[in-house]
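*Asks:* Got a sequence here, can you model it:
(one chain, ligands or ions: 3)
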Amino acid sequence: MPNYHIWTIGCQMNKAESERIASLFERKGYRHTPNAAQADFIVLNTCVVRQNAEDRAVNKLRNLKPLKKSRPDLKIAVTGCWVDSNTERLKTNFPYVDYLFKAGDCPPWEDRNEWSQALPEQPQVSTYVPIIQGCNNFCAYCIVPYRRGRERSRPLSEVVCEVKELVKRGTREVTLLGQNVDSYGHDLPDKPELADLLTELTKIDGLYRIRFLTNHPKDMSKRLIQTIARLDKVCKNITLPVQAGSNEILKAMRRGYTIEDYRRLIGEIRLEIPDVALSNDIIVGFPTETIAQFQQTVDLLTELRFDVVHIAAYSPRSGTIAARKLADDVPPDEKKRRLLIIEQLQEKITAEINAGLMGKTIEVLVEGKEKGKWYGRTGSDKLVFFSDNANHTGKLVHLKIESTGPWSLQGTVNR
Ligand code: SAH
Ligand code: SF4
Ligand code: F3S
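*Replies:* Numbers count the residues shown, from 1 in each chain. Ligands and ions are numbered 1, 2, ... in the order given. Coordinates of the predicted model:
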C-alpha cells in the first residue's frame, strides 16, 4: 500500500487544506506516514508570511532533492503561499518538484468535484472549515492577498451541508476560517453575512460549538456582535488583531481604523458580551516605528488586557507596499527587544486573567488524551487538562478549575 506524507506550516487555513488533501489520499487507499523518507507521495504546504517561514519551506524542499534522486518514482507536490503565479520560474529552480499548485486550489492530480467535497472520514472533535478565501485588504506589510488572491466566499448552503456532514462523522465544534470573516458573503448573489451563517449553523443538532477567525476592526458589525451575544453555541471568543498602538503606524500599515475606533469597538463588544475572551496579533518594528510609538502599543495592551496576543517582528515581504516604499529601519536587536517586552507583559496579563478562573466550574469540550491526561478547551479557548477513567472524547464536561497558569489550566470533573 502506498504512503503519503504531508508537511504543513502556517495558519489554520493551511491546516484545513492539508486535512482535505489528506482525506483524498486516504480515499484512494494511501496510508499516512509521519516519515517523509518512507513516503511515495510528499506534499509540502508552505507559508511565507515572514522570512523565517519562507526559509523553513525552502529548506524542507531542498532537503527532498536527494530523496527524489534516489527514488525517481517518488512524487513531490508543493502548495501553500510560497507558490506564486510565476510557477514557470519555480519549476526551473526546483525541477525535481512534480506538482505546484496555489494555496486552496484543487491538487492537480485530483478531480475538481471530489476536491470541492473533500472532508476527513474521521474528523477531529474540533474541525476547521474555510468559509472565505483570499483577502481584499492589502495591509502594507502583508503578502497574503498576493498569494491567496481576492475574496471568494463559499455559498452559505454549501458550508451548512459540509458542517452537517462533519457532525455526522463526529465533529462537535467548527472553527470557520477566513482572512477577514467579516467580509463573508459580500460577493455572493444574496449577500448573506457571517451573522446569517452563524444563525443557520446553530440549528444543526449535535454541533455544540462554533468559532470563527479572523475579524477585522474596520469591518466588524454591531449586528455580528449582537448575534454572537445571543447565540448559545457561538463561543464568546473573538480574534480582532490591532497590529499596533500608534495611529501613525496604523496609517502606514493601511489598516483602515484609528486607536480611538478600536477602543470604541472593544468597549461595544465588552458591553454586549461581558464574558468575552479576546485574542490579538501585534507586529513590532514596523518601518519608522519609534520607541514612543512602540510604547503606545504596550500602553494599549496594558489598558485593554487581551486573553491572548500573538507577537511578530516585522519582516519585509517582497512585492508588498511596505517593502516597496519603506526601509526596514528598526534594527533586528531592537525588534527582538520590543518583542520580548510585549511577550513578558502579555504572559503576566494572561496569567492574571486565567487566575481569575480558579475555583470556578467551567464547561470544556474534550478533544482527546495526551500523556495520560484528557484535554479540551473552554468556550473562551483556554486549554484545560484533567484526569479521569471514563472516555470523554467529544463530550462536554464540567470541570472545577484547580490550578491555572498562562498556557493552560488543570481541573477535576464536577459530578
Ligand atoms: N488576516 C489576518 C491574519 C493575517 S497573517 C489578519 O488580518 O490579522 C497573520 C498575522 O501575521 C498578522 O495578523 C500579522 O500580525 C502577522 N504578519 C503578517 N505579515 C507580516 C509581516 N510582513 N511581518 C511580520 N508579521 C506579519
Ligand atoms: Fe493580510 Fe491585512 Fe488581509 Fe489580514 S487583512 S490577510 S493582515 S492584508
Ligand atoms: Fe502563511 Fe499563507 Fe496563512 S502566508 S499565514 S499560510 S495565508
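*Asks:* where does the stretch 151-300 of the chain dip in pLDDT?
*Replies:* Along the stretch 151-300 of the chain, no part satisfies pLDDT under 70.
*Asks:* and the residue of it nearest ligand 3?
*Replies:* Scanning the stretch 151-300 of the chain for the residue nearest ligand 3 gives Q179, at 6.6 Å (criterion: Cβ to the nearest ligand atom). Glycine gets a C-beta too; all of them are placed from N, C-alpha and C.
*Asks:* what's near enough to touch that residue?
*Replies:* Each residue near Q179 by Cβ atoms under 8 Å, 6 or more residues apart in numbering is listed here: 13, 132, 134-135, 137, 144-145, 148, 151, 214.
*Asks:* Quick one: buried ones out of the residues you listed?
*Replies:* Burial by neighbour count, judged by 16 or more other Cβ atoms under 10 Å, picks out 13, 132, 134-135, 137, 144-145, 148, 151, 214 from the contacts of Q179.
*Asks:* just to revisit the earlier point, just flag the most distant two among the contacts of Q179.
*Replies:* M13 and N137 (15.2 Å; Cβ to Cβ).
*Asks:* which of the contacts of Q179 come close to ligand 3?
*Replies:* Contacts with ligand 3 within the contacts of Q179, counted by Cβ under 6 Å from any ligand atom: 13, 144, 148.
*Asks:* wait, doesn't the second one sit right on C81?
*Replies:* Translated: V144. Yes. Using Cβ atoms under 8 Å, V144 makes contact with C81 at a distance of 6.9 Å.
*Asks:* Now for the two: what residues contact both?
*Replies:* Common neighbours of V144 and C81 (Cβ under 8 Å, 6+ apart) are V49.
*Asks:* V397 is in what secondary structure piece?
*Replies:* Assigned by DSSP states H and E, V397 belongs to strand 396-404.
*Asks:* what lines up beside that strand in the sheet?
*Replies:* Paired with strand 396-404 in the same sheet, following DSSP bridges, are strand 361-370 (antiparallel), strand 409-413 (antiparallel).
*Asks:* In CSV, list the C-alpha atoms belonging to the shortest one.
*Replies:* Backbone C-alpha positions of strand 409-413 (Å, rounded to 0.1, in the frame of the first residue of the first chain) are rendered in CSV as follows:
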residue,chain,number,x,y,z
LEU,A,409,-5.4,25.2,33.3
GLN,A,410,-5.9,22.0,35.4
GLY,A,411,-9.3,20.8,36.6
THR,A,412,-11.3,18.0,38.1
VAL,A,413,-14.6,16.6,36.9
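*Asks:* Now it: average pLDDT?
*Replies:* Regarding strand 409-413, the rounded mean pLDDT is 97.
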